[in-house]
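Undergrad: any chance you can model this:
(one chain, ligands or ions: 1)
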Amino acid sequence: MPLLVFTDLDGTLLSHEDYDWRAALPALTRLKTIGAGVIMASSKTAPEIEVLQQETGLSDWPAIVENGAGLLDKRDNARAQHDDYARLRAELDSLPDALRKFFRGFGDMSVSQIAEVTGLAEASATLAARRRFSEPGTWSGATKELETFQAHLKARGIFAREGGRFLTLSFGKTKADQMARIITRYTPHNTVALGDAPNDIEMLQAADFGIIVANPHRTPLPLLKGEDTGRVLRTDRSGPEGWNEAMLSLLARLHL
Ligand SMILES: O=C(O)[C@@H](COP(=O)(O)O)O[C@H]1O[C@H](CO)[C@@H](O)[C@H](O)[C@H]1O
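TA: The predicted structure is shown next:
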């Protein structure tokens with residue numbers, strides 16, 4: 001295995017506006033030709049990612065789901081993974097109302113409301129609602145209250161991570177934790193990670209090469225370790241256009 005690519009989805013491989021990935025097709029095709037693997041790593045659910053894997057022809061690979069709290073892996077019995085969602089929701093509901101009221105999770109919304117806040121079609125929103133390990137949502141309070149909310153969550157073993165659009169709560173694992181397990185299995189010669197949001201930072205730092213995909217809809221990521229040496233790069237263009245350009249030029253640089 002020459003190369004294993006770990007990629008975030010929303011705002012990275014998928015356009016922030018319309019969730020389209022087709023601008024990345026030339027680079028995806030090239031990766032297939034050289035025998036490289038592409039692992040999707042997102043806060044999306046396994047049923048959502050399965051659909052995207054089929055569309056992009058990446059169904060043979062495992063995927064990191066629900067922000068690293070779960071793994072989609074045909075070789076593994078996914079049912080063996082312990083579901084945390086009911087416990088997560090119960091802990092959330094045990095918070096003081098003065099804080100709880102500011103967080104509106106997918107579990108507090110109907111499918112139509114999820115479609116409305118995400119811009120997904122209803123069928124896709126139904127799959128986004130099928131959660132097993134994590135709860136994304138919106139925060140409508142001030143930053144100071146958010147810090148108190150996070151401290152209360154932390155005392156319950158829950159971490160809040162910011163993705164392309166939402167704040168996602170889960171019991172701790174990151175995308176990079178699952179990435180390490182997958183690397184051990186495939187022993188690639190090189191690894192690349194691509195992402196646009198804070199929940200991608202560990203992955204961008206753990207890979208041999210990190211690509212920060214520009215996302216004009218959110219605050220840019222802080223300067224990461226390795227940006228000064230060229231190990232971590234930033235794209236000019238956003239979403240799949242940036243993905244495609246940066247991946248093709250990295251492959252040329254690696255003579256692949
Ligand atoms: O957390 C988020 O901002 C997004 C995207 O997460 P990633 O950037 O792909 O890790 O994920 C949530 O919203 C998506 C729709 O915008 C849903 O498809 C996901 O299920 C949900 O976790």
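Undergrad: any bit of whatever helix or strand Ile114 lives in sitting next to the ligand?
TA: Taking DSSP states H and E as the criterion, Ile114 maps to helix 111-118. Yes - against the ligand, helix 111-118 shows contacts by Cβ under 6 Å from any ligand atom at Thr118. Glycine gets a C-beta too; all of them are placed from N, C-alpha and C.
Undergrad: tell me which residues of that helix are tucked away?
TA: By neighbour count on 16 or more other Cβ atoms under 10 Å, the buried set for helix 111-118 is Val111, Ile114, Ala115, Val117, Thr118.
Undergrad: wait, the first one sits on Arg130?
TA: Put plainly, it is Val111. No - counting by Cβ atoms under 8 Å, Val111 does not reach Arg130; the two are 10.3 Å apart.
Undergrad: which residues touch the closest residue to Thr168 other than its chain neighbours?
TA: In this structure, Thr168 finds its nearest non-sequential neighbour in Pro136, 4.3 Å apart by Cβ to Cβ, 6 or more residues apart in numbering. Residues near Pro136 by Cβ atoms under 8 Å, 6 or more residues apart in numbering: Ser43, Gly105, Phe106, Gly163, Phe166, Leu167, Thr168, Leu169.
Undergrad: show me where the stretch 1-150 of the chain has its helices.
TA: All helices of the stretch 1-150 of the chain, identified by DSSP state H, counting those that start in this stretch, fall at 25-33, 46-56, 85-93, 97-100, 111-118, 122-128, 143-155.
Undergrad: ok, which of these comes nearest Ala207?
TA: helix 25-33 (14.7 Å; Cβ to Cβ).
Undergrad: and the closest one with helix 46-56, angle?
TA: 90 degrees (axes from the mean of the first three to the mean of the last three Cα atoms, to 10 degrees).
Undergrad: contacts for stretch 172-189 next, please.
TA: With Cβ under 8 Å, 6+ apart as the test, stretch 172-189 has contacts from 1-4, 6, 8, 36-37, 39, 41-42, 62, 64, 67-69, 71, 157-159, 161, 191, 193, 199-200, 202-203, 205-207.
Undergrad: to clarify, my last question referred to stretch 48-64.
TA: Taking Cβ under 8 Å, 6+ apart as the rule, stretch 48-64 contacts 6, 9, 14, 21, 28, 32, 37-42, 44, 46, 65, 70-76, 124, 127-128, 175, 178-179, 182.
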